[in-house]
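K.L.:
Sequence and predicted structure, then a few things I'm wondering about:
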Amino acid sequence: MSTDDKRDAVLGRVLGPGTPELTCEQCFEELDRYVELTLAGDPADARVPGMRAHLDGCPACAEDFASLRDLVAREGD
Amino acid sequence: MTAPPEISWVERLRAEGGEGQAAVADLHALLLKAARFEVGRRAAELPHLRGGDQEDPAQQAADDALMAVLRKLDEFRGESRFTTWAYKFALLEAAVKVRKRAWQGREIPLEDEAWSALADAGAPAGRGAEDAELFAALREEIERLGERQREVLVAVALNGVPIDVLAARLGSTRGALYKSLHDARRNLRAALAARGLRVGEEEA
């Protein structure tokens, strides 16, 4: 990671996305629908506003999203 | 006409007797598959979980997820496939268990380590005085945050402590701690803006 990347990553983690976002509970509620929309190539971010910002700001929820996306994608292969 | 699979799952799980029991067993197998997937994926990053150690957290996660799914069955809205909806409970349980095991016996890093990370990131990178001012202001404003907000921000955002691990240590929840983190970030952005320092997007 370059020095600038490291700087931006730290600022991103400390200051967060800075846009309206879902809570962790709302994120979990919507996660299955958001994953299926994403995998279908539908406009998931428009259908579930605030989800992308939350995933950018919450490392744990972002990992949960990536796991569910990859598991469901593997099932669909 | 055959019922959609998601309706079948819910109806089978609600059925009395042998059919219901068979559905619960099928669901447990599904959740165990998801839990093994999650533990296996994380084991690559966590050497202490190699080999037979992986099966125990996967089984526990599947058991806990089964209880959660059955408890929340009425909340399934059919907006995704039933299996996708159920998987998320198993993945969450497995991820939380692995994170907690990875931090078992480890102390939460001290605030001093966070200041090193912050100073390191703010070291001159061709941006010079502007960046030095931003990172110095950031440290000052972090130190001015309320105790809980500062504690969560420093641990999660600077020291990389998983939020579930911190929640368990503090007797709290991921959601409650994320609210503190969100509030801390909002306060920091506002404080930086008041100093004439702006970073990225501003919340509406």
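P.N.:
Perfect, thanks for sending it.

K.L.:
Please identify the buried residues of stretch A:26-34?
P.N.:
Applying a neighbour-count criterion of 16 or more other Cβ atoms under 10 Å in any protein chain shown, one finds A:27, A:28, A:29, A:30, A:31, A:32, A:33, A:34 buried in stretch A:26-34. Where you see a C-beta, it was placed from the backbone N, CA and C, and this is true even at glycine.

K.L.:
near chain B, anything from that stretch?
P.N.:
Yes - counting by Cβ under 8 Å from any Cβ of the partner chain, chain B has neighbours in stretch A:26-34: A:28, A:31, A:32, A:33.

K.L.:
pLDDT (mean, whole number) over that stretch?
P.N.:
Rounded to a whole number, the mean pLDDT of stretch A:26-34 is 98.

K.L.:
got the residue ranges for the helices in chain B?
P.N.:
Taking DSSP state H as the criterion, chain B contains helices spanning B:5-14, B:17-43, B:55-71, B:82-102, B:111-121, B:129-144, B:147-152, B:163-170, B:174-194.

K.L.:
Can you list which of the residues of stretch A:26-34 next to chain B are found in helices?
P.N.:
Using DSSP H, these in helices are A:28, A:31, A:32, A:33.

K.L.:
For residue B:142, state which of these is nearest.
P.N.:
Checking these against residue B:142 with Cβ to Cβ, the nearest one is residue A:28 at 28.3 Å.

K.L.:
Look at the closest residue to residue B:176 other than its chain neighbours and report its pLDDT.
P.N.:
Take residue B:176 and drop its neighbours on the chain: the residue closest to it by Cβ to Cβ, 6 or more residues apart in numbering or on different chains is residue B:167, 7.3 Å away. Predicted confidence (pLDDT) for residue B:167: 96.

K.L.:
just residue B:38 next, same as before
P.N.:
According to the per-residue confidence, residue B:38 scores 96 in pLDDT.

K.L.:
cool, residue B:109 as well?
P.N.:
For residue B:109, the predicted pLDDT is 86.

K.L.:
how close does it sit to chain A?
P.N.:
14 Å (Cβ to the nearest Cβ, to the nearest Å).

K.L.:
got it, and residue B:198?
P.N.:
10 Å.

K.L.:
Phi and psi next, for that residue.
P.N.:
Backbone torsions of residue B:198, given as degrees, to the nearest 10, read phi -120, psi 140.

K.L.:
gap between stretch A:17-34 and the chain center?
P.N.:
Average the C-alpha atoms of stretch A:17-34, do the same for its chain, and the two points are 8 Å apart (Cα atoms, centre = their mean, to the nearest Å).

K.L.:
which other residues reach it?
P.N.:
Applying Cβ atoms under 8 Å, 6 or more residues apart in numbering or on different chains, the external contacts of stretch A:17-34 come out as A:44, A:47-51, A:53-58, A:60-61, A:64-65, A:68, B:79-81, B:84-85, B:87-88, B:92, B:174-175, B:178-179, B:182, B:185, B:189, B:199-204.

K.L.:
rewinding a little: just the buried residues of stretch A:26-34 now: which is nearest residue B:67?
P.N.:
Of all those, residue A:28 has the smallest distance to residue B:67: 16.0 Å, by Cβ to Cβ.

K.L.:
The lowest-mean-pLDDT helix or strand in chain A packs against which elements?
P.N.:
Ranked by mean pLDDT, DSSP states H and E, the weakest helix or strand in chain A is helix A:3-15, scoring a mean of 86. For helix A:3-15, the packing partners by 3 or more Cβ pairs under 8 Å, 6 or more residues apart in numbering or on different chains; DSSP states H and E come out as helix B:111-121, helix B:129-144, helix B:174-194.

K.L.:
tell me which residues of the helix or strand of chain B with the lowest mean pLDDT are tucked away?
P.N.:
Using mean pLDDT, DSSP H and E, helix B:111-121 stands out as the lowest-scoring helix or strand of chain B, at a mean of 81. Of all the residues in helix B:111-121, those buried under the rule 16+ other Cβ under 10 Å are B:114, B:117, B:118, B:121.
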